[in-house]
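Peer 1: just coords:
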């Protein structure tokens with residue numbers, strides 16, 4: 001590859017990276033300027049106030065109170081049958097690879113120690 005071609009390729013890559021960073025900056029700037037973040041924070045406050053009112057009502061009604069009923073789940077559950085299968089398969093393959101590597105190193109160790 002000629003030096004000129006390498007320079008053109010490097011220039012092309014740099015411009016694409018710069019363009020991607022610029023578009024990312026614009027997206028973040030617009031979301032901040034339009035108040036999207038503040039709106040999300042406001043929604044959390046509204047939800048918290050609603051949960052406080054529900055808690056106070058349940059206490060006044062004498063219901064059994066469990067803190068989990070008033071807490072918002074921070075992590076969504078993405079568990080499906082396919083993801084569970086993939087996780088189990090990954091664990092099984094990891095165990096097989098680990099036992100295979102241990103057996104290989106034990107064999108190599110026995111050869112070296114003789």
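Peer 2: Structure received. On a predicted model such as this, the values are computed, not experimentally measured, just so you know.
Peer 1: Which elements pack onto the helix or strand of the chain with the lowest mean pLDDT?
Peer 2: When each helix and strand of the chain is scored by mean pLDDT, DSSP states H and E, helix 36-61 comes last, with a mean of 80. Using 3 or more CB pairs under 8 Å, 6 or more residues apart in numbering; DSSP states H and E as the contact test, no helix or strand touches helix 36-61. No exception for glycine: its C-beta is placed from N, CA and C like everyone else's.
Peer 1: and the longest helix for the protein?
Peer 2: Using DSSP state H, we find that the single longest helix of the chain is helix 81-113.
Peer 1: State the mean pLDDT of stretch 10-20.
Peer 2: In this model, stretch 10-20 has an average pLDDT of 94.
Peer 1: again, but for stretch 67-75
Peer 2: 71.
Peer 1: Off-centre distance for the least confident helix or strand of the chain?
Peer 2: 26 Å (CA atoms, centre = their mean, to the nearest Å).
Peer 1: Over to stretch 98-108?
Peer 2: That offset, for stretch 98-108, works out to 34 Å (CA atoms, centre = their mean).
Peer 1: Then stretch 88-100?
Peer 2: 23 Å.
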